[in-house]
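[1] got a predicted model here, sequence first, then my questions.
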Amino acid sequence: MNRFVGAACALFLMPQVVMGVTPTGKLELRMTSDGADIKKSWFVSQASFGEYPPMDAAKSPSKTVILPPDDNTHLCNEVSESSSGSTSSSASPTMMLAPRGTCTFEVKALNAQELGASGILIYGNLANRYAVNDTIEEPTFDDIIWPLDRYDYDCQKGHAMVPLLDFSFDPLPYNAEQNDVLLSGNNDDNLCHYYSDNQLRNCESKLCLLTGNKSDSGDQLEACCAWDLPIWLYNDPTLTDPNSTSYSDIDVTIPAAYLTMEQGNELLQILSVQGDG
């Protein structure tokens, strides 16, 4: 069953000139809280696949933001015939919100489309930067594949040695529910902030990733400032091979956009408040 939330959004093109990946789309969220109309917007990056959004908000139909089914939260499981189109019966077109990780961006978009969504938003998160060596029958902590220096984090932007026992790696490779709150925020609840020499002053994201490097005593783990930048959603070239995938005869026809970790966390918080209401 899909989880519906009480907010509507529109995605449209808004050319920008910035360093790195250019967030050429704009996402506008509209909602009502305590009788007041609220609007929030973010610049977002787009995809090499799917439909391009229109050039202005007036031509972008409003879509209700929904979350994936409970049994397919990452949108990486192939959609069964019984589940296909399950969101299309809602009162308005839907925009599905899913986390990055576990499978490719295009697979997520295809599964959202098969579920009947009119668009997909993929947001970054700390957990997706960890993996485990799945060639090992019974992997342990020593088989975790840790985030990559400079690609995922920069220790020169922020660095700390944090107590290993405060973190959980059950299930492997990373327990996001327990660990994320200990590595996020601009306060001392963030252990990376607390143990840093300069309270992450130069870490713009105020988020940290564990690097896997231990102290000499073995009771501390290194944590470094996580990059949180727009990324381009590249297509998956393996999907064109009918011998390796069941998606080869399906094209993505819905728009897709990427939200940074900061944007995704903010949107999830808004939706949580709306859901509680």
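    Structure received. Numbers count the residues shown, from 1 in each chain.

[2] hey, let's count contacts and neighbours off CA atoms from now on
    Noted.

[3] check contacts around residue 92.
    Residue 92 sits next to 62, 63, 64 when contact means CA atoms under 8 Å, 6 or more residues apart in numbering.

[4] residue 260 versus the residue nearest to residue 256 when sequence neighbours are not counted, what's the distance?
    Nearest non-adjacent residue to residue 256, counting by CA to CA, 6 or more residues apart in numbering: residue 120, 4.9 Å away. For residue 120, the distance to residue 260 equals 14 Å [CA to CA, to the nearest Å].

[5] the two: who's more crowded?
    The residue with more neighbours, out of residue 120 and residue 260, is residue 120; 27 against 23, by other CA atoms under 10 Å.

[6] which strand residues bridge the more buried one?
    residue 96, residue 256 (DSSP bridges).

[7] my guess is it contacts residue 110. True?
    No: the pair residue 120 / residue 110 is not scored as a contact, 9.4 Å apart, by CA atoms under 8 Å.

[8] number of nearby residues for residue 258?
    Residue 258: 28 surrounding residues under other CA under 10 Å.

[9] just checking, next helix/strand downstream of the least confident helix or strand in the chain by mean pLDDT?
    Scoring the helices and strands of the chain by mean pLDDT, DSSP states H and E places strand 3-13 at the bottom, with a mean of 64. Under the assignment DSSP states H and E, the closest C-terminal helix or strand after strand 3-13 is strand 25-33.

[10] list the buried ones in that following strand?
    Across strand 25-33, burial judged by 16 or more other CA atoms under 10 Å covers 25, 26, 27, 28, 29, 30, 31.

[11] still on that earlier bit, just curious, which of the contacts of residue 92 is nearest to residue 240?
    Closest to residue 240 out of the contacts of residue 92 is residue 63 (29.5 Å), distances taken as CA to CA.

[12] tell me where the longest helix sits in this structure.
    Taking DSSP state H as the criterion, the chain has its longest helix at helix 261-276.

[13] tell me which other helices or strands that helix touches.
    Applying 3 or more CA pairs under 8 Å, 6 or more residues apart in numbering; DSSP states H and E, one finds that helix 261-276 makes contact with strand 3-13, strand 119-123.

[14] chain center to it, what's the gap?
    Mean-position distance between helix 261-276 and its chain equals 12 Å (CA atoms, centre = their mean, to the nearest Å).

[15] may I have the phi/psi pair for the residue of the chain positioned farthest from its centre?
    Centroid-distance maximum for the chain: residue 217 at 34.4 Å, with CA atoms, centre = their mean. Phi and psi for residue 217, reported as degrees, to the nearest 10, are phi -80, psi -20.

[16] buried residues, stretch 242-255. List them.
    Using 16+ other CA under 10 Å as the test for burial, stretch 242-255 gives 247, 252, 254, 255.

[17] how many residues are close by the residue nearest to the first one when sequence neighbours are not counted?
    Residue nearest to residue 247 in three dimensions, not counting chain neighbours: residue 239, with 5.9 Å by CA to CA, 6+ apart. Using other CA under 10 Å as the criterion, residue 239 is surrounded by 18 other residues.

[18] show me where pLDDT drops low in the stretch 1-150 of the chain?
    Low-confidence segments of the stretch 1-150 of the chain (pLDDT under 70): 1-7, 12-21, 32-35, 57-58, 81-91.

[19] all set now, cheers.
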